[in-house]
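K.L.:
Compute the structure for the input listed below.
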Amino acid sequence: MWAKEFFGTDVYHLVSAFIIYSIMGWVVESIYMSFCNRKLTNRGFGFGPFCPIYGFGGVIGYLILHPLGSNLVALYFAGAVLATAFEYLVGRLMKKFLGEVWWDYHEKPLNYQGIICMESTIAWGFYAIIIITFLHSRILGLVDMYNRQWGIRACTVVLFLVTVDYLIKLYKIFHVSIKERKDKLMDVYHSFRARWY
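P.N.:
Below you'll find the predicted structure:
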């Protein structure tokens, strides 16, 4: 499984890059939001230092955009549009399935539904250039510095811990949601009963 290739890169390197991008995204996002909020802020979904939106964005972005690496203008605009579309899609899915979006651009100029904004779109284009021309090759070089078997074990452990972390978080979200619905139904029932008895 780990040796299977997609777009010229094996699963081991793709998964390793996904993990590194997810951790790096969490670090950057948490530092930025801690600075904005003037207090320590965990920007991950779970308890651990992991933001998979950055992992997916970095890996998928690289796979799609690396052919544009020699044309920085095309790379910038394609990266900005692709990442903005991805951010909007993730935001809509979060709203539908979790009831909320974990970021809010309503205060930003030129935002749409508080999910995307021009400021982020501009930044995504620069991130695309950094990832394609500089960062991704260094991440793969870092992955290759370590023994492959140890790397596979490390990836497996990290993904297992993140999965457990996210399952606990999802359980808490849906457990509270179900309890709230049950409490509302009981309130309606008691109100109805009080009128007739």
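K.L.:
Run a quick neighbour tally on Gly125.
P.N.:
21 (other C-beta atoms under 10 Å). For glycine as for every other residue, the C-beta is placed from the backbone atoms N, C-alpha and C.
K.L.:
who are the neighbours in contact with the nearest residue to it once chain neighbours are set aside?
P.N.:
Using C-beta to C-beta, 6 or more residues apart in numbering and skipping the chain neighbours, the partner closest in space to Gly125 is Ala80 (3.5 Å). Going by C-beta atoms under 8 Å, 6 or more residues apart in numbering, Ala80 touches Thr121, Ile122, Trp124, Gly125, Ala128.
K.L.:
can you put the residues you listed in CSV and add distance to His136, secondary structure and pLDDT?
P.N.:
Below are the contacts of Ala80 laid out as CSV (distance: C-beta to C-beta, whole Å; DSSP: H, G, I helix; E, B strand; the rest coil; pLDDT from 0 to 100):
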residue, distance to His136, secondary structure, pLDDT
Thr121, 21, helix, 97
Ile122, 21, helix, 97
Trp124, 15, helix, 94
Gly125, 16, helix, 96
Ala128, 11, helix, 95
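K.L.:
Show me which of those is closest to Leu93.
P.N.:
Here the nearest of these to Leu93, counting by C-beta to C-beta, is Trp124; it sits at 18.2 Å.
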